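Novice: Coordinates for the following, if possible.
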Amino acid sequence: MRNQCASAPFPTAAPERGTSPGGQRCVPVVEALVAGGGPAGAAAAIVLARQGVRVLLVEARREPDRLVAGEFLDPQASVELLRLGVAVEHGLRGCRVSGARVTAGPMMAAAGYAEGAAGWSLARADLDAALLAAAGAAGVQVRVGVRAAGLLLQDGVVRGASLDTGAGSIRVPAVVTIAADGCDSALARAAGLGGRAGRRRPVSAALVQGIDLADAAREIHVGRGRWLGLTSLPGGLTSLIAAGIPPPGAGERDGWPRGVLASFPEFAISAAQVRLASPVTVRDEGGATIPAAGAPGLLLAGDAVHAASRLPGDDLWRALRGGVLAGEAALTALERPTLRPHVELARRRLATFRGARGRERRLRALLVLQDLVPVPAVRAAGLRLMARILANPPHPDAMKV
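Specialist: From the prediction side, this is the model:
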């Protein structure tokens, strides 16, 4: 048992490491503070709690967003979830996805996942809720409606964070802090961590009704300078993600999905039947990457360190896997505090996601090929290669439970 000290929901002071009156060694009430309750933050918290670490996870939202954020789990993300104690097939309401299909006008190519592998589409709100429930079951203190506002520093080392509870501000000391609070991370900014700008363009997403996908495949439709992703969801909904197409302006919301679909020839007839079923969310595809992955006492995870592209469909796997890596680095910080775990985290992220970055570059090159080469045979070969890339994980070990 790691700690016999008294606990409190929000400790305002941390006891010094030492020996308690009963002779047992005490550690601060909160050893690890995780800011952000999305997939990356929840994954990091679960990894730590399973090793007996006292973890406080704070999430600014009181309820999971009902907006489109990430409705697709590729096979490697499904395996990662299973490792974290969330079984999509038995514990969540989702649609099974068997592979990928890529279309460019009249041409189409398809590829299935490996035998025994499956992707899933499900509401992101359901996924976030399941992960937070798994974190709570692992022993994590979960507090919603609480925002991480700034860092506590001691001799240049992060030693916790100041939290905005809505009723006031409190200071929570911690041995290690994990920032998983989104692509505009308040904690990363407070630590002075600047990002390396990547290729940025708006990606719009919404839930729609009225699209009947042919089978249980993730569809990518390719046009000149743009692409469209479609995945079936429970309840007759479809997740629609559009890149290279202007997001809706004022007064254009209801007609926006029909305009998006009508810009692809294969949807010219059916577009009129499509209705919007959610707000349209807009985010920058790519965004900035923070190579350092943290600072002394602070580790970054999820979009706080890198906002992944939506095209390959592995953004949720990157978030989950990145959270696991941050949790493992935090364990190192707790066990050997003299080391620089954020440096090791950056090295492990580089090695883990190297294949994913190469996969994304190949897909983008094939998108350009569709625009530049008018020869049908070459374009068809490019589509077949895209489908095979989308149906194969970038990291072989990701498929091992």
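
Novice: Identify the residues contacting the longest strand along the chain?
Specialist: Longest strand of the chain, by residue count under DSSP state E: strand 200-209. Outside of strand 200-209, the residues within contact range by CB atoms under 8 Å, 6 or more residues apart in numbering are 68-69, 71, 233, 236-248, 256-257, 260, 274-287, 310. C-beta here means a position set from N, CA and C on the backbone, and glycine is covered the same way.

Novice: and the helix or strand that that strand is followed by, average pLDDT?
Specialist: Using DSSP states H and E, the next helix or strand after strand 200-209 towards the C-terminus is strand 217-223. Averaged across strand 217-223, the pLDDT comes to 88.

Novice: now for strand 217-223, which elements pack on it?
Specialist: Counting contacts by 3 or more CB pairs under 8 Å, 6 or more residues apart in numbering; DSSP states H and E, strand 217-223 is packed against strand 99-104, strand 226-233, helix 376-390.

Novice: JSON lines for these, including distance to residue 202?
Specialist: What follows is those, written out as JSON lines (distance: least, CB to CB, whole Å):
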{"stretch": "strand 99-104", "distance to residue 202": "22"}
{"stretch": "strand 226-233", "distance to residue 202": "11"}
{"stretch": "helix 376-390", "distance to residue 202": "22"}
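
Novice: Tell me which of those lies nearest to residue 160.
Specialist: Nearest to residue 160 among those is strand 226-233; the distance by CB to CB comes to 39.1 Å.

Novice: Now that closest one - C-alpha only, CSV.
Specialist: Output of strand 226-233 as CSV, limited to C-alpha atoms (Å, rounded to 0.1, in the frame of the first residue of the first chain):
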residue,chain,number,x,y,z
ARG,A,226,-10.4,17.9,-50.4
TRP,A,227,-11.5,14.7,-48.7
LEU,A,228,-14.6,13.5,-46.9
GLY,A,229,-14.8,10.9,-44.2
LEU,A,230,-18.0,9.0,-43.4
THR,A,231,-18.7,6.4,-40.6
SER,A,232,-22.0,4.9,-39.5
LEU,A,233,-23.1,5.4,-35.9
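
Novice: contacting residues around it?
Specialist: Identification of contacts with strand 226-233 by CB under 8 Å, 6+ apart yields 71-72, 94-95, 97, 121-123, 207, 211, 213, 216, 218-221, 238-245, 260-261, 263-264, 310-311, 313, 367.

Novice: Dihedrals phi and psi, the nearest residue to residue 36 once chain neighbours are set aside?
Specialist: Nearest non-adjacent residue to residue 36, counting by CB to CB, 6 or more residues apart in numbering: residue 180, 3.5 Å away. Comment: the main-chain dihedrals of residue 180 come out as phi -130, psi 40, following degrees, to the nearest 10.

Novice: show me what contacts residue 180?
Specialist: The neighbourhood of residue 180, defined by CB under 8 Å, 6+ apart, consists of 34-36, 38, 40-41, 44, 300-302, 304, 323, 326.

Novice: coming back round to it: from the contacts of strand 200-209, which land in strands?
Specialist: Counting by DSSP E, the contacts of strand 200-209 place 233, 237-243, 275-276, 281-286 in strands.
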